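> generate coordinates for the sequence data below:
(4 chains)
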4 protein chains.
Amino acid sequence: MVKVVAIGGSLRSDSYTHQALQQAVDRLNALGAEVEVLDLRTLNLPFCDGGDNYSDYPDVARMQKAVTEADALLLASPEYHGSVSGVIKNALDLMGFEEMAGKVAGLISVLGGQSNSNALNDLRLIMRWVNAWVIPEQIAVAQAWQAFSPDGKLLDEKLSERFDRFAQSLVENTRKIRGVN
Amino acid sequence: MVKVVAIGGSLRSDSYTHQALQQAVDRLNALGAEVEVLDLRTLNLPFCDGGDNYSDYPDVARMQKAVTEADALLLASPEYHGSVSGVIKNALDLMGFEEMAGKVAGLISVLGGQSNSNALNDLRLIMRWVNAWVIPEQIAVAQAWQAFSPDGKLLDEKLSERFDRFAQSLVENTRKIRGVN
Amino acid sequence: MVKVVAIGGSLRSDSYTHQALQQAVDRLNALGAEVEVLDLRTLNLPFCDGGDNYSDYPDVARMQKAVTEADALLLASPEYHGSVSGVIKNALDLMGFEEMAGKVAGLISVLGGQSNSNALNDLRLIMRWVNAWVIPEQIAVAQAWQAFSPDGKLLDEKLSERFDRFAQSLVENTRKIRGVN
Amino acid sequence: MVKVVAIGGSLRSDSYTHQALQQAVDRLNALGAEVEVLDLRTLNLPFCDGGDNYSDYPDVARMQKAVTEADALLLASPEYHGSVSGVIKNALDLMGFEEMAGKVAGLISVLGGQSNSNALNDLRLIMRWVNAWVIPEQIAVAQAWQAFSPDGKLLDEKLSERFDRFAQSLVENTRKIRGVN
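Down below sits the predicted model:
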């Protein structure tokens, strides 16, 4: 079974990033993947100091363990200042090759304004750096404030189908690359 | 007088990033600039939640005020995973156009291994996003563990001259672009 | 007087890139700049072979001379495959520091689909590489097939104002950085 | 059998890019892949004009057919001005989704000076744009003028091993992703 860890890079209480993440999580579940969501709003993570002693923050080890045991990563970040949020970059800084190399990643960005690939580009190169695979399919949710219905559904049918193909690719290609069922 | 705020994106106690930053700060001072170093190791900053209420963290307002009043920014980041540190990106996420638009920025990255422009590229595009100017001169300090003498001096003469030209450009061009003396 | 060389990176006969370029050229002229348009559709340039002997192609020397004598560059590229056109990159490859260092550049990209910063980002880093200044203001013309009236005017008033500010910044800041009138 | 098309983005007669490409080609052959090298120095390709009528240049159709029939692409580019060569970008501009989507790509860059990822980063995002997979392993050959022996062998054993792993990954993962033997 494909094991996925999903991480959302926003700390907003009513975060569109987490709504977008959930859209992908639902589809991954429907395709038979086992998804664990690591919510950075509830994890107690420190700022990364470049070292490896985070024993005061057991959530670091918890996150590292979950990612180590996963086949795939689902990452969603708000686009802040034309890049990923510092919040998600810091979470990734707390891990490295040991946890992420060889894993398969799918990327989502969420924007207040019009669409752009800046955060997706940065995230793709970051994940490459730790030797992860990144699937070609990626999603930018533009003008996120009008993308979802009050109950969290995608209003744009084409975007919804894009999530379908994205989730499909992440599961299928994780199976192929990782050799899991 | 050119006012510069200098921010180092590493939380290490014996940070090479801060040694590199100091090299530039010394040169800026010698050129008559007034430099305020904001040390993220001593500031108490929260993770950015995408909002604007950080009244529990007075250091946010302190940082915002210092940058607002500055003509130029000196930013130094360790390169983590082929990008800037989450720490410095988070600090920048806590500010925006109001503080940074129209300012002139100089960029330094510090690497444990061989040279690369990844963090510098990302930082350049991030600063552009908030409508800052970024000087063409930039510095990547490679294999930082062997770049400095015990008393914090640069061992490589050519790199030292690169810092000279970098500081010179930041001061001269801030004067031109900002119209300050 | 500010001297600008304008280069459009499309070879289409009815190129939207050249229409976008012309929008900026008109504004630069109105602001008192002297603009020379180098039309890659009429120049006879070879593919760059990494050498410096292009005596069979006098247009190479002509382009190099024009850029050498300019204070500023206006570059417009179609976004092909999420980057600049090979056509404009090849033209830039035929020049280097000698022609472009210290110059001030303004960047425009033209897209068939929705907006994106990919070509603009690449062009910014390319121009930085040859030590040029790139103004923070930049323009992506999305869905270019519906951006212009039959006589080549911009249909979107906000986009037109964006061109105004872009041209204004290119002229004003070239004056400041280059010390020309 | 894994079919690979290899393209080198330099037109130099004594190109280090082609020497680096050959290093990978030899290893791919040894691993049982069938490799066709498309040498842009001998192909007669036009500058891309954004259209699709290149009947005057039969090599365009020849290149398109070869890539369409391939499972994988091996791309090597010199790094010019902190990006890919215009030559290779133009060749890629002459193709699109039809030829490249779903293919698996491996990337090499060749630099006269010190190592950098700029061309590799750009090439990775370009290939993503046409929905190709790019393997995480990538190679930058720095100071290429001293990287090879007179008979074209790599002088640096570690770099040679990097080519081994690169070729191994390209073949193995093309098999997995494309379902070929």
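
> how near is A:Glu161 to A:Ala140?
According to CB to CB, to the nearest Å, A:Glu161 stands 15 Å off from A:Ala140. Yep, even glycine has a C-beta here, placed from its N, CA and C like the rest.

> between the two, which is the more surrounded one?
A:Ala140 (23 against 11; other CB atoms under 10 Å in any protein chain shown).

> contacting residues around A:Phe47?
A:90, B:11, B:47, B:86-87, B:90 (CB atoms under 8 Å, 6 or more residues apart in numbering or on different chains).

> again, but for A:Leu45
Contacts of A:Leu45 (CB under 8 Å, 6+ apart): A:57, A:59-60, A:63, A:90-91, A:94.

> packing partners for the longest strand seen in chain A?
Looking across chain A with DSSP state E, the single longest strand is strand A:133-141. Under the contact criterion of 3 or more CB pairs under 8 Å, 6 or more residues apart in numbering or on different chains; DSSP states H and E, strand A:133-141 touches helix A:16-30, strand A:104-110, helix A:118-129, helix A:157-178, helix D:118-129, strand D:133-141.

> how far off strand D:133-141 does that strand point, in degrees?
120 degrees (axes from the mean of the first three to the mean of the last three CA atoms, to 10 degrees).

> number of nearby residues for A:Glu69?
A:Glu69 is flanked by 11 other residues according to other CB under 10 Å.

> I'd say it and A:Lys3 touch.
Yes - if you go by CB atoms under 8 Å, A:Glu69 and A:Lys3 touch, sitting 6.4 Å apart.

> interface residues of chain A facing chain B?
Residues of chain A lying close to chain B by CB under 8 Å from any CB of the partner chain are A:10-12, A:15, A:47-51, A:78, A:80-93, A:96, A:118, A:122, A:125-126, A:128-130.

> and the residue nearest the centre of chain A, what is it in contact with?
The C-alpha lying nearest the average C-alpha coordinate of chain A belongs to A:Leu75 (CA atoms, centre = their mean; 1.0 Å). A:Leu75 is in contact with A:6-7, A:9, A:88, A:105-108, A:123, A:127, counting by CB under 8 Å, 6+ apart.

> who wins for neighbours among the contacts of A:Phe47?
For the contacts of A:Phe47, the largest number of neighbours (other CB under 10 Å) sits with B:Gly86, at 29 neighbours.

> what about that residue, distance to chain D?
20 Å (CB to the nearest CB, to the nearest Å).

> quick one: that residue from A:Ser83, how far?
Counting by CB to CB, the gap from B:Gly86 to A:Ser83 is 11 Å.

> next: A:Ile135.
20 Å.

> quick one: which of those two has more around it?
Set side by side, A:Ile135 and A:Ser83 show more neighbours around A:Ser83, with 25 against 22, by other CB under 10 Å.

> list the contacts for the more buried one?
A:118-119, A:122, B:84, B:89, B:122, B:125-126, B:129.

> from the chain's centre, how far out does the longest strand of chain A sit?
How far strand A:133-141 lies from its chain's middle: 10 Å, per CA atoms, centre = their mean, to the nearest Å.

> before we move on, what about stretch A:123-142?
How far stretch A:123-142 lies from its chain's middle: 9 Å, per CA atoms, centre = their mean.

> quick one on the thing from earlier: quick one: which of the contacts of A:Leu45 is nearest to A:Gln19?
Ranked by distance to A:Gln19 (CB to CB), the contacts of A:Leu45 are led by A:Ala91 at 19.0 Å.

> how about the residues of chain A by chain C?
Counting by CB under 8 Å from any CB, chain A sits next to chain C at A:82, A:114-118, A:121.

> farthest pair in those?
A:Gln114 and A:Asn121 (15.8 Å).

> of those two, who's got more company?
A:Asn121 (27 against 13).

> wait, the more buried one touches C:Asn118, no?
Yes - using CB under 8 Å, A:Asn121 is in contact with C:Asn118, at 7.3 Å.

> intersection of neighbour lists for the two?
Common contacts of A:Asn121 and C:Asn118 (CB under 8 Å, 6+ apart): D:Leu125.

> tell me the spacing between A:Phe148 and D:Arg178.
Counting by CB to CB, the gap from A:Phe148 to D:Arg178 is 36 Å.

> what does A:Val84 give?
Here A:Val84 is placed at a distance of 31 Å from D:Arg178 (CB to CB).

> look at these two and report which has more neighbours.
A:Val84 (32 against 18).

> so who does the more buried one touch?
Contacts of A:Val84 (CB under 8 Å, 6+ apart): A:9, A:77, A:109, A:119, A:122-123, A:126, B:83, B:89.

> done for today, thanks.
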